[in-house]
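Chemist: Quick one, what's the 3D model for this:
(2 chains)
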2 protein chains.
Amino acid sequence: MADEAPFQFLHNEVIQYIYKSADSGETENGRNISRLENMGFRVGQGLIERLTKDTARFKDELDIMKFICKDFWTCVFKKQIDNLRTNHQGIYVLQDNKFRLLGQLSAGKQYLEQAPKYLAFTCGLVRGALSNLGVKSIVTAEVAIMPACKFQVMIQKI
Amino acid sequence: MADEAPFQFLHNEVIQYIYKSADSGETENGRNISRLENMGFRVGQGLIERLTKDTARFKDELDIMKFICKDFWTCVFKKQIDNLRTNHQGIYVLQDNKFRLLGQLSAGKQYLEQAPKYLAFTCGLVRGALSNLGVKSIVTAEVAIMPACKFQVMIQKI
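Modeler: Numbers count the residues shown, from 1 in each chain, chains lettered A, B, ... in the order given. Coordinates of the predicted model:
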C-alpha cells in the first residue's frame, strides 16, 4: 500500500522545490518543466540499466515498448500501463487509467492546468529509459480527466 | 530487488540538482545540506501520516522510536534498523548496517567526506516523522565505515 509512497512524496517535494527555488527572473513555467523532465531522464536511464541487467535482448521496438509498459512501469508506479496502442509507424500511446503521480490531485477537470508539472518527470523517465536502450524519442503527456493519463511516444528515426 | 530503486535514483538526482543549481554565490555546503534536510522533513511528515493512519495510539516515546525503526524504515528503505540504543534520557541511536542511500558509494573510508549530503535528507525524514507524532528532535548522522551508518536522535523536551 504505502510501498510507492516515499517515491511519490519525494517527487512532490522536488516539484515544490524547483518551482519555489526558481529565481524571480526565471519563473517561466517552461524552464521548470524541462528541469523536471531532465531529472526524469537521468532517473530513467539509471533505472532501465538496473532493470534490464539480466533481461534477454529485445526483439524489436515493440518488444521494448512492452517492457516499458509492464516491467518498467510496475517498478516505478506499482501497476502496469492499462493500454498500449501504436500506429506501427513509430508512434506509441501509453494509457494509464490511474496514474499515481496525479493521485493526490482531485479527480475531474478543476486542476487540469496543474497537470503538466506532475507529468514532466515521467515524460523524461520514459525518454531516458528508451534512450538507454538505443531508442531516441520525444515523449509528451496529456490528461483528459484526472487521474487518467496518456503518454505519447514518438520514435525519432536516426 | 529493484523495488526501492526509483526512490534511490530520484534521491540521487535531487542531490545532484541541488548541488548543481546552487548559484556560485551560495555554494557553501551547509545551505545545500539544509535544503536536503528540509525536503526530507516534509517527506517524513507526509509519510508518517499515511503510515500511522490505522495504527493504535503509541504508548510512549520508545514505542514511537520502535515504529520508526521498524515500519517507517521498512517503508522507505526496505529493511529495518539493525540496532536501536537509548540512554533513556531522550537520546536514541539508530544503526543501519547497510544503509541504502550510501549503497552506491564504494565501501570503506575513501568517500567519507561525501557522506553528509547522502544523509541529510534522511535526517530530515526522521525529524519530520517524529515532529508529526508530536516529538520535537534534533537528528544527526554519522558514518564510520560505509555503508554502515548511525542516526542520533536527541529529543527536545518542551
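Chemist: Any idea how many residues pack against the residue nearest to A:Asn32 when sequence neighbours are not counted?
Modeler: Excluding its sequence neighbours, the residue lying closest to A:Asn32 (C-beta to C-beta, 6 or more residues apart in numbering or on different chains) is A:Ile18, at 5.1 Å. C-beta coordinates here come from the backbone N, C-alpha and C atoms, glycine included. For A:Ile18, the neighbour count with other C-beta atoms under 10 Å in any protein chain shown is 21.
Chemist: Just to check, A:Ile18 is in contact with A:Arg31?
Modeler: No. Taking contacts as C-beta atoms under 8 Å, A:Ile18 lies outside contact range of A:Arg31: 9.1 Å.
Chemist: residues shared between the contacts of the two?
Modeler: Shared contacts of A:Ile18 and A:Arg31 (C-beta atoms under 8 Å, 6 or more residues apart in numbering or on different chains): none.
Chemist: what's near enough to touch the residue nearest to A:Asn32?
Modeler: A:Asn32, A:Arg35, A:Leu36, B:Tyr17.
Chemist: could you redo the last one with a cut-off of 7 Å?
Modeler: Applying C-beta atoms under 7 Å, 6 or more residues apart in numbering or on different chains to A:Ile18 gives the contacts A:Asn32, A:Arg35, A:Leu36.
Chemist: what helix or strand does the first one sit in?
Modeler: Yep, that's A:Asn32 we're talking about. Assigned by DSSP states H and E, A:Asn32 belongs to helix A:29-51.
Chemist: Next, the buried residues of that helix.
Modeler: For helix A:29-51, the neighbour count (16 or more other C-beta atoms under 10 Å in any protein chain shown) marks A:32-33, A:35-48, A:51 as buried.
Chemist: do the same with stretch A:10-24
Modeler: Along stretch A:10-24, these residues count as buried under the neighbour rule (16+ other C-beta under 10 Å): A:Leu10, A:His11, A:Asn12, A:Glu13, A:Val14, A:Ile15, A:Tyr17, A:Ile18, A:Ala22.
Chemist: which residues touch the fifth one?
Modeler: With C-beta under 7 Å, 6+ apart as the criterion, the residues that contact A:Val14 are A:Met39, B:Val14.
Chemist: what do you get if the cut-off is 8 Å, keeping everything else the same?
Modeler: A:Leu36, A:Met39, A:Phe121, B:Leu10, B:Val14, B:Tyr17, B:Met39 are the contacts of A:Val14 under C-beta under 8 Å, 6+ apart.
Chemist: Inside strands: which ones of the buried residues of stretch A:10-24?
Modeler: Members of these lying in strands (criterion: DSSP state E): none.
Chemist: So which of those belong to helices?
Modeler: The helices, defined by DSSP state H, take in A:Leu10, A:His11, A:Asn12, A:Glu13, A:Val14, A:Ile15, A:Tyr17, A:Ile18 from those.
Chemist: Out of those residues, which is nearest to A:Ile81?
Modeler: Closest approach between these and A:Ile81, by C-beta to C-beta: A:His11, at 18.2 Å.
Chemist: Compute the distance between that closest one and A:Ala5, please.
Modeler: 10 Å (C-beta to C-beta, to the nearest Å).
Chemist: just A:Phe151 next, same as before
Modeler: Distance of A:Phe151 to A:Ala5, given as C-beta to C-beta: 22 Å.
Chemist: Give me the more crowded residue out of those two.
Modeler: Each of A:Phe151 and A:Ala5 has its neighbours counted (other C-beta under 10 Å); A:Phe151 has more, 24 against 19.
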